[in-house]
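**Student:** Give me the fold of what follows.
(one chain, ligands or ions: 1)
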Amino acid sequence: MLDVRLFDADRASDADWDALHELQFSACRLDSPERPPMTRQETIFGVRAPQIQAGEQLVWTAHRDDRLVARAIVTLPGDGNEQLALVRLHVHPDVRRQGIGTEFFRALEPMLRARGRTRAEGWNLTPGGPGESWAQRLGFRIVHTAVLQIMELSEVDRRRWDIAVPAGYRLMRWVGAAPESLVSAYAKARAAIGDAPLGKSEFGAPDWSVDRVRRIEASYRERGIEHRTVVAVSSAGEVVGLTELEARPLLPERLHQGDTAVLAAHRGRGLGLAMKSEMLRWFTTDRPRVAQIWTGTGAANTHMIAVNHRLGFATVRTGSVVSREL
Ligand SMILES: CC(C)(COP(=O)(O)OP(=O)(O)OC[C@H]1O[C@@H](n2cnc3c(N)ncnc32)[C@H](O)[C@@H]1OP(=O)(O)O)[C@@H](O)C(=O)NCCC(=O)NCCS
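**Tutor:** Residues are numbered from 1 along each chain as shown. Below is the predicted model:
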């Protein structure tokens, strides 16, 4: 019988963090050997200051005989995705194939339904790996494939980022809050991410509004995350594209890419490449200690993947997305 608890970051002891990190480190080494090993800072940050734009996050742990044997990080998105619970469930490698993953998921189900969620999706499962078999046994279907891309700054020739801005556009940039004069055009442009391929995942582009933009900016501020934006502005003064990159406290050696999107009428003109190049030059000049940049996108998103390769990213991992009604 599993003892399932909500993990309370404010009350967790050093021993609780140690156990959580040991589980995540061991699982990551086994399940995602392509990515750099999980650090303790990453464990702490992942719980304390999760992916800000994804929504509220809860962490549950499962214990057997008082030993931590599994944990689930669950994101509850808002702004149009209120039916979904995004679940990342890992069982400690020492105790797999003993029914723990199944029992844990079944214990989570009513708690997710109680929070109004009717569908669960799991992201970043190893194709052909244990997660897919386990999920399919529970009735999940594979609905999408995504890739993780990493740029090693020590290896990249930064001349790749010397990209001219296409004629008829100018770039603007800010740290933190969007200027009042642009925020409503910026909120409108953010909807362009809705065209990114997500397969049959039910996750849709959030409903963007000035209110959502300002709420997200406030969350970044509260958590001490430096969030930078570069936008492309047309000669008519319309925001037609954007890219975001963030620096998380506790992880000074790494930057994380957010959305990059260009409005449909302005695609194919090199704006994505120009905005991302500007961002890379700007952020890495200000933060010389950064060693890596991480980004993720759909495996079918050939244009984004090609832009990233041109800038110096390498594709390091492919992960499946599974989905099932709750
Ligand atoms: C997927 C995972 C959670 C399964 O946890 P677990 O406790 O080992 O799974 P269970 O013991 O409940 O397995 C139930 C059934 O799933 C299937 N399954 C689980 N692991 C499997 C594997 N390695 N190979 C093939 N089938 C597997 C089997 O049908 C199994 O039943 P059986 O043992 O009677 O054959 C665990 O392997 C893990 O943490 N993987 C990495 C993270 C991940 O992929 N999470 C998935 C969802 S977010």
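
**Student:** nearest spatial neighbour of residue 212, skipping sequence neighbours?
**Tutor:** residue 79 (5.6 Å; Cβ to Cβ, 6 or more residues apart in numbering). In short, each C-beta sits where N, CA and C put it, glycine included.

**Student:** measure the one you found to residue 216 for me?
**Tutor:** Here the criterion is Cβ to Cβ, to the nearest Å. By it, residue 79 lies 10 Å from residue 216.

**Student:** So what's the residue count around residue 157?
**Tutor:** Using other Cβ atoms under 10 Å, residue 157 is surrounded by 7 other residues.

**Student:** Please renumber the chain so that the first residue is 51 from this point on.
**Tutor:** Sure thing, new numbering starts at 51, so read that last one as residue 207.

**Student:** ok, which stretches of this protein are helices?
**Tutor:** Ranges of helices in the chain, per DSSP state H, are 64-81, 90-98, 150-164, 180-187, 233-240, 260-272, 321-336, 352-361.

**Student:** Columns mean pLDDT, mean neighbour count and distance to the ligand on top of those helices, output as JSON lines?
**Tutor:** What follows is those, written out as JSON lines (pLDDT from 0 to 100; neighbours: other Cβ atoms under 10 Å; distance: least, Cβ to the nearest ligand atom, whole Å):
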{"stretch": "helix 64-81", "mean pLDDT": "97", "mean neighbour count": "16", "distance to the ligand": "4"}
{"stretch": "helix 90-98", "mean pLDDT": "90", "mean neighbour count": "18", "distance to the ligand": "14"}
{"stretch": "helix 150-164", "mean pLDDT": "98", "mean neighbour count": "16", "distance to the ligand": "2"}
{"stretch": "helix 180-187", "mean pLDDT": "97", "mean neighbour count": "17", "distance to the ligand": "2"}
{"stretch": "helix 233-240", "mean pLDDT": "96", "mean neighbour count": "19", "distance to the ligand": "28"}
{"stretch": "helix 260-272", "mean pLDDT": "95", "mean neighbour count": "15", "distance to the ligand": "24"}
{"stretch": "helix 321-336", "mean pLDDT": "97", "mean neighbour count": "21", "distance to the ligand": "30"}
{"stretch": "helix 352-361", "mean pLDDT": "95", "mean neighbour count": "17", "distance to the ligand": "23"}
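
**Student:** Tell me which of those helices sits nearest to residue 170.
**Tutor:** Nearest of the helices of the chain to residue 170, taken as Cβ to Cβ: helix 150-164 at 6.5 Å.

**Student:** residues contacting the residue in the stretch 251-376 of the chain that the ligand sits nearest to?
**Tutor:** Per Cβ to the nearest ligand atom, residue 372 is where the stretch 251-376 of the chain lies closest to the ligand, at 6.9 Å. Neighbour list for residue 372: 171, 172, 175, 181, 182, 185, 186, 190, 191, 192, 193 [criterion: Cβ atoms under 8 Å, 6 or more residues apart in numbering].

**Student:** give the contact list for the residue sitting nearest the centre point of the chain.
**Tutor:** In the chain, the centroid-proximal residue (Cα atoms, centre = their mean) is residue 101; its distance is 5.8 Å. With contact taken as Cβ under 8 Å, 6+ apart, residue 101 is in contact with 107, 125.
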